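**Student:** here is my input; please provide its structure:
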Amino acid sequence: MRRRHRGPEKQPGGSFNLIKVCAYLVLCFIASGCGYRVGGLYEVQEVSIPIFDNRTERRLHEFDLTQAVVREASQRGIRVSPNATHELRGRIVDIDQPVVVPGPRDQVVAGAFAVKVEVWIVDRRNGKELIREIIAQSATFDEARQKTVTDARQEVFDRLAKIIISKIEKNW
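**Tutor:** Residues are numbered from 1 along each chain as shown. I've put the predicted structure just below:
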């Protein structure tokens, strides 16, 4: 019996690989035309951040929170300037520090630190308020794990700063 020569043997999945390559090229083509660009993630490139107001009886926290927000803005490439066209305002609404485990001499062995903040962004050119939100964060502390209330407080302020600055991103 005589065999016919059919040309090179087809490898399994050969046409499937061609489909994957074509699909990849089509996706690259579509993505290149969708307007995506690197950078420019923030609608506001420059912002004024006055010291946050504090409506609680626990004073001085507003300075540390404001400092954390300014630091986060700078790290993300947002210029902080008193003459900016936009202003980020904030107000500490509540600070709570429940004691979970008291020690033998009434010192706090374990507990939590919680803060609730109201923030809003104002366009100074027209006085329009762009966003207003209340944000809450908390963190625990435990002497056995060598995490103090000061550590928990800083953790809360850093988390709040990240969330607050993320509000400046495009598409409020």
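
**Student:** identify the residues contacting residue 138.
**Tutor:** The neighbourhood of residue 138, defined by CB atoms under 8 Å, 6 or more residues apart in numbering, consists of 96, 112-115, 156. Where C-beta positions appear, they are placed from N, C-alpha and C, glycine not excepted.

**Student:** switch to 10 Å and redo it
**Tutor:** Remark: with contacts taken as CB atoms under 10 Å, 6 or more residues apart in numbering, residue 138 is in contact with 96-98, 112-116, 152, 155-156, 159.

**Student:** please apply the same query to residue 139.
**Tutor:** By CB under 10 Å, 6+ apart, the contact set of residue 139 is 112-115, 147, 149, 151-159.

**Student:** now with 8 Å?
**Tutor:** Residues counted as contacts of residue 139 (CB under 8 Å, 6+ apart) are 112-113, 151-153, 155-156, 159.

**Student:** which of those residues sits closest to residue 64?
**Tutor:** Here the nearest of the contacts of residue 139 to residue 64, counting by CB to CB, is residue 153; it sits at 7.7 Å.

**Student:** in stretch 97-104, what counts as buried?
**Tutor:** Neighbour counts using 16 or more other CB atoms under 10 Å place residue 97 of stretch 97-104 among the buried residues.

**Student:** hmm, who's touching it?
**Tutor:** Residues external to stretch 97-104 that are found in contact with it (CB under 8 Å, 6+ apart): 108-114, 140, 143, 149.

**Student:** scan the residues you listed and report the most crowded one.
**Tutor:** For the contacts of stretch 97-104, the largest neighbour count, defined by other CB atoms under 10 Å, is 23 neighbours, found at residue 113.

**Student:** tell me what that one is bridged to.
**Tutor:** Counting by DSSP bridges, residue 113 forms beta bridges with residue 139.

**Student:** residue contacts, it?
**Tutor:** By CB under 8 Å, 6+ apart, the contact list for residue 113 reads 95-97, 138-141, 149, 152-153, 156.

**Student:** now, which of those residues lie within helices?
**Tutor:** Secondary structure assignment (DSSP state H) places 149, 152-153, 156 from the contacts of residue 113 within helices.
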